[in-house]
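In: Quick one: sequence and predicted model below, then my questions.
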Amino acid sequence: MRHRANAITPVLVAMVLLVITLAWTPGLGTVSAATTGLSRGQAANSCPLPLGDQVKAVAAFAKMIPVFRHPRCSNCHGGVDPFTDPQTGKHGGGVRDADDFETGICESCHSEMDGGMKDAQWRMAPPPMFWVKKSDEQLCMQVREMEPDAARYVGHIRDDNGKEPFTLIAFQGMRALPAGTESQITKRVITSEPPPGSLDTMTAQAQAYVDAMGGSLVGSSDCGCKLKPVEVRFRSTLTIADARITSTITGEGKVLLEIKPDPSSPGWDVASDFRVGTADITWSAVTISAPAGCDGQVIVQSSPPTKFKFWLGISASPELKLSLEVLPGADLHKVLNRCRIPTGALMDSPMNDPVSLFSGAWNALHGQSAAAVAMKATSAMDMNKIMAMDPKKLQAMADAMKNNPDPAAAAAQLKSFLNQMVPGASQLAAEARNNYKLAMPDRKWCTVGTATGLLAQCDISQTITTALGLGAVQTITEKTTITIGRPRP
């Protein structure tokens, strides 16, 4: 029985490591910054705002979205077809005229006005102002185009610039029905169902949007509504040395990240999609020294580019903050030792199994707790349940998750298993979220706004020593440069 447990445990350790490295939750790490180096008007594109102000504007508009999407507002902006017959102009929902409001059909759309719906001359928004089936970005641009003047933008939301208090009516939430009216359809007494918040809050949010734009609606209609892609450039050289050999590897690449408000990334105004933030890191200058006793040379056949995952989160209030995660894929390199034999000739050793240089070193540098969390999870496992499982089926499940091209889906496959087998699995996963993080200004090597178009830059230079077991140690030296900013040619 002990043999069976020992056979299964390495598989489980691998599984726990897999769920950690596949990012149970994608937002890892915190990078904070106080300002950017861009000033208003410097950018040559359609939005002259610094990236930080663009994020503030997009985040400010996102706070108004729940009101825009609420039926009290969206129904009158295309959510309900006002005319079932364009030829006759017959009102939607089978209503013949305003007197039919007592049937309860109107309750899904209209708001109560003094004198009742008949005297109020309540009307639907015109088709150019329909915003259903529009993305948040499209809705933001539509509202901007409707009122391109900053003062009128706020005034329109407050009271249609003094024309009629339609937003106030919407926040009453009564849909043209007097309080206490019983719906003939649902047989319930109509009560107020207003949008979230209040008109004062909505007006303040509109003003915050204008303030984030610098007090005027500058640039094209997507300025302050849609963020341009952010480019992350990555270059790193790692040197790994132990008592026998010294290895050096350099990798570089770049990725464009689309960033937008993302409810799945709480705490961040905007974020990229972890599933698509993939970059090819190309390896160069991969060298491995000859082992002791070999006075010949070492030939390294480097692997093709490796897929790295990047995730970026940005918040702009009260100050600009970023969170950047770098999750490397496994890099594999074939090594051939060509050593001199006693006769003086050089002889090639058999080709060894491929070695991974970068990913293991990167984990030691920036994900130190991953292995510790995995071992902690292993020790907490319910071994009675584990030993009752078929090792072959367990190995097949591990292989299937390892080969799943979608990290989020593979992590989801593990959740139910780990929650059954590992008490406190979610808490252990939370510990693992502290891996692979870069922080500014907490880390001395990171700065912000060092050049036009540059949001942040890290110049990392460090050396650490790690234990390999049985008294052996390994020294890792890192020189990494990461820049985040506007795309460069």
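Out: Received the coordinates, thanks. Residues are numbered from 1 along each chain as shown.
In: May I see the buried residues of stretch 233-248?
Out: 233-234, 236-241, 245, 247-248 (16 or more other C-beta atoms under 10 Å). Every residue, glycine included, has its C-beta placed from N, CA and C.
In: Flag whichever of those residues scores worst on pLDDT.
Out: By pLDDT, Ile245 ranks lowest within the buried residues of stretch 233-248, coming in at 88.
In: which ones are touching the closest residue to it other than its chain neighbours?
Out: Excluding its sequence neighbours, the residue lying closest to Ile245 (C-beta to C-beta, 6 or more residues apart in numbering) is Ser289, at 4.9 Å. By C-beta atoms under 8 Å, 6 or more residues apart in numbering, Ser289 lies in contact with 245-247, 298.
In: what ranges do the strands span in the stretch 351-489 of the chain?
Out: 437-438, 446-448, 454-469, 472-485 (DSSP state E, counting those that start in this stretch).
In: Can you lay out those as CSV showing mean pLDDT and distance to Ser265?
Out: Formatted as CSV, the strands of the stretch 351-489 of the chain follow (pLDDT from 0 to 100; distance: least, C-beta to C-beta, whole Å):
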stretch, mean pLDDT, distance to Ser265
strand 437-438, 76, 15
strand 446-448, 79, 21
strand 454-469, 88, 18
strand 472-485, 94, 16
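In: Can you tell me which of those is nearest to Asp211?
Out: strand 454-469 (20.8 Å; C-beta to C-beta).
In: Can you check what angle separates that closest one from strand 472-485?
Out: Strand 454-469 runs at 170 degrees relative to strand 472-485, counting by axes from the mean of the first three to the mean of the last three C-alpha atoms, to 10 degrees.
In: buried stuff in strand 454-469?
Out: 454-458, 460, 466.
In: What ranges in the stretch 1-150 of the chain fall below the confidence cut-off?
Out: The model of the stretch 1-150 of the chain has pLDDT under 70 over residues 1-45, 80-124.
In: Residue ranges of each domain in the protein, please.
Out: 2-37+228-485, 51-212 (automatic domain parsing).
In: Span of the last one from start to end?
Out: Okay, so that is domain 51-212. 11 Å (C-alpha to C-alpha, to the nearest Å).
In: All the helices of the stretch 101-250 of the chain, residue numbers only.
Out: Using DSSP state H, counting those that start in this stretch, the helices found in the stretch 101-250 of the chain span residues 116-120, 136-146, 150-159, 166-172, 199-212.
In: Tell me what angle the last one forms with helix 136-146.
Out: Compare the direction of helix 199-212 with that of helix 136-146 by the same axes, to 10 degrees and you get 90 degrees.
In: what angle do helix 199-212 and helix 150-159 make?
Out: Using the same axes, to 10 degrees: helix 199-212 against helix 150-159 is 170 degrees.
In: Could you list the residues in contact with helix 199-212?
Out: 53, 56-57, 59-61, 63-64, 67, 150, 153-154, 157-158, 167-168, 171, 195, 216-217, 224, 316.
In: Mind checking which of these are buried?
Out: Buried among the contacts of helix 199-212 (16+ other C-beta under 10 Å): 53, 56-57, 59-61, 63-64, 67, 150, 153-154, 157-158, 167, 171, 195, 217, 224, 316.
In: quick one on the thing from earlier: which one among the buried residues of strand 454-469 gets closest to Pro126?
Out: Nearest to Pro126 among those: Leu455, at 40.2 Å, using C-beta to C-beta.
In: From what I see, the closest one and Ile482 are in contact.
Out: No: the pair Leu455 and Ile482 fails to qualify as a contact (C-beta atoms under 8 Å) at a distance of 11.1 Å.
In: Low-confidence regions, the stretch 201-350 of the chain specifically.
Out: In the stretch 201-350 of the chain (pLDDT under 70), the answer is 350.
In: where exactly do the strands run in it?
Out: 230-241, 246-257, 270-271, 278-288, 297-301, 306-315, 321-328, 334-340, 346-348.
In: Show me the one of the ones you listed that comes nearest Lys134.
Out: Across the strands of the stretch 201-350 of the chain, Lys134 has its closest neighbour in strand 270-271 (18.7 Å, C-beta to C-beta).
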